[in-house]
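>>> Structure for this input, please:
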Amino acid sequence: MRPRGIPPTGAASGRRRWAAALLVAACGAWAGCGNTPLQRVPPPVKSLDNELEIRGEVCASPPADAVFPVKILFLVDVSGSMIVTDPAGVRAQAVTDVIQKYQGFPGVEFGVIAFSSSIVKLTNGFTNAPNLATIGQALGQADNLTDDQGALGAAYEMLTTDMLASTPAERARSRYIVILFTDGIPDPLCSADTTPCGTTTCAPHSHCDPTTVLSASNQETEQYTCNADYLICTVPKAKWASEFNPPLSPSLYPQLQAGANYNTTPQLLASVQELMALQGQYHVGSIELDTNFLFPVAALSNPLAVPFGLDRPAGEALLSAMAAAGNGTFQEFTSDTQINFLNINFASIQVQNSIVATFASNQTAYETGDALDLDTDADGLSELQEKSLGTCAAIGPKCAKPWDSDGDGYSDFIEVAYKTSGFDPLDPSKPPTPCASPDVDSDGDGLMDCEETFLGTNPLDPDTDGDFLSDLVEVRNGMNPLDPTDAYGDINKDGILNLNEIQVGLSPTAQVSAAERQFAFKYDFTPLPSKADASSSACYHFDVQHLRLMTTGATAIGPRGGNRIYYDVYETAADSPTSFATVRRACADVLYVGGQEKLPLTGAVDFVDSDFVELSQFDPATNCKDLTAGFGRDAGPGSSSDASAD
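Predicted coordinates for the structure are as follows:
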């Protein structure tokens, strides 16, 4: 028998002849087999899309001190009770200590008002150079009563006068700190109404005098007495000269009206609220009232203290309520040696900065409304336009600065756009006024200083009119860099604001096709959770999609397919979001060649905060992330002459 699997001899011979014939036929079809080894068929090449995403995080600049930070007003009690509570006049030294510590700081100014029966302004409004000798002498006195309401009225007047003399910008960043120092409840106290007094009540035109006394066991206890109001509470001021001996000046107690309440707790709190209302009325940065209560326990055993009726609970309650109404702090000193105002927060207002606008762009792309054209030298003229004009389109043997074909310091775009003003991109003698500062761009906006001089824009501000479009962007898009309103116009009448079309990479001047609108950039710009530290910057996550890349030609300084990507952020102070902005830029050089090569391979560029550079300091040679490494930079095949748009 045959071994299993071996066919009969005749059958094997027939099968070999059939296989040989099949092989010959196949070799004929393949134009001969010879000894060439078989090769694996390569997989089909997947075309790479020409879209790029940019993403990452960026933070606003750290909070900055306001330009006009702090105005400190002292309201200092110099009534007769200070003879007992502050016999050494420590209060005067405490005020002097604050002035001496902060005097000379930019924007710090002081006002001082002494109050007893009379109100004495020891400074003429706020000043950065108060007379310390005059202040020290006046605050060391101790005489007469304690007119809290008059002191608050004087503070209101001083703040209002200062605010009216300040510009809106100054007021918006000014911090007013009012420091009230006293050793008890106000006097005279006029009560036109029935008032509670311990376990009883006092009739109208009498008031409650609470007093803290020491018991036999040296414990503090309260005594309450109803006493008739002073005659000045009911006698009209016009009669003070004849009714009192010696005569009283009508200038005393300026807010007192005969028969009305005066220096009562509701009135004092209302005075504080009027003071605080100035913040909204004049759009002031902030106002606060800090209260400081002196109650030296040792003074209670001094017989001289009895006539003054010192009272701790009433003083604490009143001054705590005033501080709460004044958005300030309350502190109590139980000894005159403790008097100190340096622990009050005198820090300047911290103005948070915020990012209010962002713009992504591909500098090598020129939007026509129907498609993208190449702009290898990023001068705002497409290569088709440059070919028609005869200007340089890329760096070459005869084009050291392709953006300035005639080398006169003015860019080709400016010379073309303003040809009727005497410019010519191919004639270095035009315009007749030479560029005084060739290659100098002080604000980094892409316009040379001499071009800004011609345009009337500010060479030190990339956004002269403050509309969040750079001067260069406005000029290239047929807008006026001196008109802040045209950013919100609609040049091409398509119902989309000029600023918005520029932001999403479309043309505000050309009629944009429906197909082209599909490539509008898609932005996501999200604030990150704020940190507990008030001095921390506001940070944001961003993601921009659908930036299209171009297949550029190789140049002496860049590879074929090189694309330069900008991401600009506009930042302003949070309290002035429409004010002129600081502009910072992140930059990346990426690569795209006709669907065959793309860098980065992920199609995404990641930026971090340190990649963003203020525009005036931006230098693309050092500040652009080069993501094209590994590709040749020699001109030759694939140079700008055979570049293509994708």
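
>>> which stretches of the stretch 1-150 of the chain form helices?
With helices called from DSSP state H, counting those that start in this stretch, the stretch 1-150 of the chain shows them at 9-29, 82-85, 90-102, 132-139, 148-165.

>>> Same question for stretch 147-162: list its buried residues.
147-156, 158-159, 162 (16 or more other C-beta atoms under 10 Å). Glycine gets a C-beta too; all of them are placed from N, C-alpha and C.

>>> ok, residue 463 to residue 352 distance?
According to C-beta to C-beta, to the nearest Å, residue 463 stands 20 Å off from residue 352.

>>> of the two, who's got more company?
residue 463 (27 against 18; other C-beta atoms under 10 Å).

>>> Quick check: that one vs residue 585, distance?
For residue 463, the distance to residue 585 - C-beta to C-beta - is 13 Å.

>>> how's this protein carved up into domains?
As recorded under automatic domain parsing, the domains making up the chain are 45-63+352-370+513-646, 65-189+263-351.

>>> Out of those domains, which is the most enclosed?
domain 65-189+263-351 (a mean of 19; mean count of other C-beta atoms under 10 Å).

>>> I'd like the mean pLDDT over it, please.
The pLDDT scores in domain 65-189+263-351 average 90.

>>> residue contacts, the spatially most central residue of the chain?
By C-alpha atoms, centre = their mean, the chain has its centre lying nearest to residue 353, at 1.7 Å. Contact analysis of residue 353 by C-beta atoms under 8 Å, 6 or more residues apart in numbering lists 60-64, 537-538, 571-574, 582.

>>> residues contacting residue 49?
595, 603.

>>> Now do the phi/psi pair for it.
In this entry, residue 49 is assigned phi and psi values of phi -70, psi 170 (degrees, to the nearest 10).

>>> Surely residue 571 is in a helix?
No. According to DSSP: H, G, I helix; E, B strand; the rest coil, residue 571 belongs to no helix; its state is strand.

>>> What pLDDT is listed against it?
pLDDT, residue 571: 93.

>>> Provide a list of residues in contact with it.
Counted by C-beta under 8 Å, 6+ apart, residue 571 has contacts 60-61, 353-356, 581-584.

>>> change it to 10 Å
Contact analysis of residue 571 by C-beta atoms under 10 Å, 6 or more residues apart in numbering lists 58-61, 353-358, 537-538, 581-584, 612, 614.

>>> Please flag which of the residues you listed sit within strands.
58-59, 353-358, 582-584, 614 (DSSP state E).

>>> Nearest to residue 552 among those residues?
Set against residue 552, the nearest of those by C-beta to C-beta is residue 358 (24.9 Å).

>>> give me the beta-bridge partners of the closest one?
With DSSP bridges as the criterion, residue 358 is bridged to residue 569.

>>> Verify the stated contact: it with residue 581.
No. Using C-beta atoms under 10 Å, residue 358 is not in contact with residue 581, being 11.2 Å away.

>>> Need the overlap of contacts for these two.
With C-beta under 10 Å, 6+ apart, residue 358 and residue 581 have common neighbours 468, 569-571.

>>> so residue 547 makes contact with residue 359?
No. Using C-beta under 10 Å, residue 547 is not in contact with residue 359; the gap is 11.5 Å.

>>> what touches both of those two?
505, 521, 567.

>>> For the second one, give me its contacts.
Which is residue 521. Residue 521 sits in contact with 54, 359-361, 503-506, 544-548, where contact means C-beta under 10 Å, 6+ apart.

>>> can we see that at 8 Å?
Contacts of residue 521 (C-beta under 8 Å, 6+ apart): 360, 503-505, 544-547.

>>> Closest one to residue 325 out of those, please.
Nearest to residue 325 among those, with distances taken as C-beta to C-beta, is residue 503, at 46.2 Å.

>>> Tell me, how many residues neighbour the closest one?
Residue 503: 21 neighbours (other C-beta under 10 Å).

>>> And it, how far from residue 475?
Taking C-beta to C-beta, one finds residue 503 at 17 Å from residue 475.

>>> How about residue 70?
Counting by C-beta to C-beta, the gap from residue 70 to residue 475 is 42 Å.

>>> Shouldn't residue 451 be within a helix?
Yes. Read with three-state DSSP, residue 451 is one of the residues of a helix.

>>> Three-state assignment for the residue lying closest to it once chain neighbours are set aside, please.
Among residues not flanking residue 451 along the chain, residue 414 sits closest, at 5.3 Å (C-beta to C-beta, 6 or more residues apart in numbering). Under three-state DSSP, the three-state class of residue 414 is helix.

>>> can you pull the contacts of residue 414?
423, 447, 451, 454, 475.

>>> in the stretch 401-550 of the chain, what spans have low per-residue confidence?
Applying pLDDT under 70 to the stretch 401-550 of the chain flags the ranges 532-535.

>>> count of neighbours near residue 380?
With other C-beta under 10 Å as criterion, residue 380 counts 22.

>>> got the phi/psi numbers for it?
phi 90, psi 0.

>>> In this structure it contacts residue 476, no?
Yes. Distance between residue 380 and residue 476: 4.5 Å, which falls inside the contact criterion (C-beta atoms under 8 Å).

>>> Overlap of the contact sets of those two?
residue 413.

>>> on that earlier part again, TSV please, covering the buried residues of stretch 147-162 and showing distance to residue 589.
Output for the buried residues of stretch 147-162, formatted as TSV (distance: C-beta to C-beta, whole Å):
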residue	distance to residue 589
147	73
148	69
149	70
150	71
151	67
152	64
153	67
154	65
155	61
156	61
158	60
159	56
162	54
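
>>> Out of those residues, which is nearest to residue 117?
Checking the buried residues of stretch 147-162 one by one against residue 117 (C-beta to C-beta), the nearest turns out to be residue 147, at 6.2 Å.

>>> give me every residue that touches that closest one.
Counted by C-beta under 8 Å, 6+ apart, residue 147 has contacts 115-119, 186-188, 252-253, 263.

>>> residues contacting the closest residue to residue 126 other than its chain neighbours?
Spatial nearest neighbour of residue 126, excluding adjacent residues (C-beta to C-beta, 6+ apart): residue 109 at 4.0 Å. Listed by C-beta under 8 Å, 6+ apart, the contact set of residue 109 reads 70-72, 126-128.

>>> Quick check: residue 109 vs residue 128, distance?
5 Å.

>>> for residue 145, same thing?
32 Å.

>>> Please apply the same query to residue 60.
31 Å.

>>> Can you check what pLDDT the model gives residue 230?
For residue 230, the model assigns a pLDDT of 90.

>>> thought it was touching residue 190?
Yes. Using C-beta under 8 Å, residue 230 is in contact with residue 190, at 7.2 Å.

>>> how about the helices in the stretch 301-450 of the chain?
Applying DSSP H, counting those that start in this stretch to the stretch 301-450 of the chain gives helices spanning 312-325, 383-389, 412-417, 449-455.

>>> want to try JSON lines for these, with distance to residue 399 as columns?
Shown next, in JSON lines, are those (distance: least, C-beta to C-beta, whole Å):
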{"stretch": "helix 312-325", "distance to residue 399": "72"}
{"stretch": "helix 383-389", "distance to residue 399": "10"}
{"stretch": "helix 412-417", "distance to residue 399": "10"}
{"stretch": "helix 449-455", "distance to residue 399": "20"}
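
>>> nearest to residue 169, of those helices?
helix 449-455 (25.0 Å).

>>> Next secondary structure element downstream of that closest one?
helix 471-476 (DSSP states H and E).

>>> In terms of secondary structure, what does that following helix contact?
Applying 3 or more C-beta pairs under 8 Å, 6 or more residues apart in numbering; DSSP states H and E, one finds that helix 471-476 contacts helix 412-417, helix 449-455.

>>> which residues sit against that helix?
So helix 471-476 is contacted by 359, 380, 413-414, 417, 445-447, 452, 455, 457, 461-465, 467, 479-481, 486-487, 502 (C-beta under 8 Å, 6+ apart).

>>> give me every residue that touches residue 607.
54-58, 567, 586, 588, 625.

>>> go again using 10 Å as the cut-off
Here residue 607 is in contact with 54-58, 542, 565, 567, 586-588, 625 (criterion: C-beta under 10 Å, 6+ apart).
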